[in-house]
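Asker: Here is my input; please provide its structure:
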Amino acid sequence: MIKVIVAGAAGRMGCRLVSLIRDSTALILAGALEGKGHPSLGEDAGETSGSGRAGLLITDDLSILLERGEVVIDFSSPVATLEHMRTVAHHRRAMVIGTTGFSAVQLDELRSLAQQIPCVFSPNMSVGINLICKVIGEMARTLGDDYDIEVIEAHHRLKKDAPSGTALKIAEVLARSVSRDLNQVGVYARKGLIGERTKGEIGIQTIRAGDIVGDHTILFGGMGERIEVTHRASSRDTFARGALRAARWVVRQPAGLYDMMDVLSLR
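Answerer: Alright, predicted model coming up:
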């Protein structure tokens, strides 16, 4: 049994992770973590997640948890995730990160820390999304410059970062597949008299509404036809199950930075 610590255990994703780990035959819940001052500290992690008493209290001390845990799964915030990662690196454990919204400086530190521990970092843990990322690269190369590329993403009204980490990853895959630099061709907003669409641009558009779990559409628009590839997540469980799959995989790997393409053998 792989011993898992869940960071952000009282959050939306954390609660689902706790519940699914408790149902797993390959994983065991070794710890539940929240930030200092969080109202759920001291609560039973199972009761907080809605899965019944687990006999394991939510704490803010990751170092103690790492004495008995093997891998940390973290869907918290960039600042908190990096703080956790420094502690995980010190204890030489493994980590799975689904947090999004990192700055360039924060990403540099994440990559540096990942040289010390095995770490899976992916903005979207869904098996379906990662399979799509492999397929759309080939589509973009085949369709070529005659087809315009747009990425449209929709999430719930509480999401703090935009565009989503998944949409940015999709756009990066598409740009790389057609030999473009996303920093040069990415267009994130359109308003007013902007003129004709430039030939090489890749549009990334954002919707925030209600309780949308996560929708992503890739649109290839040509003359006389358009092709759309859409992934809709109806439950956070799709991300949680992917993260648990990553946790089972990463504990067997040497130190280094991996993503879900590695976990799923899609390289």
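
Asker: shouldn't residue 165 be in contact with residue 124?
Answerer: Yes: judged on CB atoms under 8 Å, residue 165 makes contact with residue 124 at a distance of 6.9 Å. Yep, even glycine has a C-beta here, placed from its N, CA and C like the rest.

Asker: So if I had to pick from the two, which one is more boxed in?
Answerer: The neighbour comparison of residue 165 against residue 124 (other CB atoms under 10 Å) goes to residue 124, with 27 against 19.

Asker: mind checking how far the nearest residue to the more buried one once chain neighbours are set aside is from residue 172?
Answerer: Distances taken as CB to CB, 6 or more residues apart in numbering place residue 166 nearest to residue 124, at 4.0 Å, with adjacent residues excluded. According to CB to CB, to the nearest Å, residue 166 stands 11 Å off from residue 172.

Asker: Check residue 2 too.
Answerer: 31 Å.

Asker: ditto for residue 256
Answerer: Between residue 256 and residue 172 the distance is 20 Å, computed by CB to CB.

Asker: before we move on, the earlier item: of residue 2 and residue 172, who's got more company?
Answerer: Set side by side, residue 2 and residue 172 show more neighbours around residue 2, with 19 against 16, by other CB under 10 Å.

Asker: tell me the contacts of that one?
Answerer: 26, 27, 28, 70, 71, 247, 248, 251 (CB atoms under 8 Å, 6 or more residues apart in numbering).

Asker: what bridges to it?
Answerer: In this structure, residue 2 bridges to residue 27 when assessed by DSSP bridges.

Asker: neighbours of residue 263, just the number please.
Answerer: By other CB under 10 Å, neighbour count at residue 263 equals 23.

Asker: quick one: contacts for it?
Answerer: By CB under 8 Å, 6+ apart, residue 263 lies in contact with 120, 242, 245, 246, 249, 250.

Asker: Which pLDDT value does the model give it?
Answerer: Turning to residue 263, the model gives it a pLDDT of 96.

Asker: In this protein, what residue spans correspond to strands?
Answerer: Secondary structure of the chain (DSSP state E): strands at 2-7, 27-33, 58-59, 71-74, 94-97, 118-121, 148-155, 186-187, 202-208, 214-222, 225-233, 256-258.

Asker: who wins for proximity to residue 194 among those?
Answerer: strand 186-187 (9.0 Å; CB to CB).

Asker: Could you dump the strands of the chain into JSON lines and include mean pLDDT?
Answerer: Shown next, in JSON lines, are the strands of the chain (pLDDT from 0 to 100):
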{"stretch": "strand 2-7", "mean pLDDT": "98"}
{"stretch": "strand 27-33", "mean pLDDT": "97"}
{"stretch": "strand 58-59", "mean pLDDT": "97"}
{"stretch": "strand 71-74", "mean pLDDT": "98"}
{"stretch": "strand 94-97", "mean pLDDT": "98"}
{"stretch": "strand 118-121", "mean pLDDT": "98"}
{"stretch": "strand 148-155", "mean pLDDT": "98"}
{"stretch": "strand 186-187", "mean pLDDT": "97"}
{"stretch": "strand 202-208", "mean pLDDT": "97"}
{"stretch": "strand 214-222", "mean pLDDT": "97"}
{"stretch": "strand 225-233", "mean pLDDT": "97"}
{"stretch": "strand 256-258", "mean pLDDT": "98"}
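
Asker: Between those strands, which one is closest to residue 195.
Answerer: Judging the strands of the chain by CB to CB, what sits closest to residue 195 is strand 186-187, at 11.8 Å.

Asker: Show residues contacting the closest one.
Answerer: Contact partners of strand 186-187, identified using CB under 8 Å, 6+ apart, comprise 171, 175, 201, 202, 203, 204.

Asker: Please go through the chain and pick out the longest helix.
Answerer: Using DSSP state H, we find that the single longest helix of the chain is helix 127-143.
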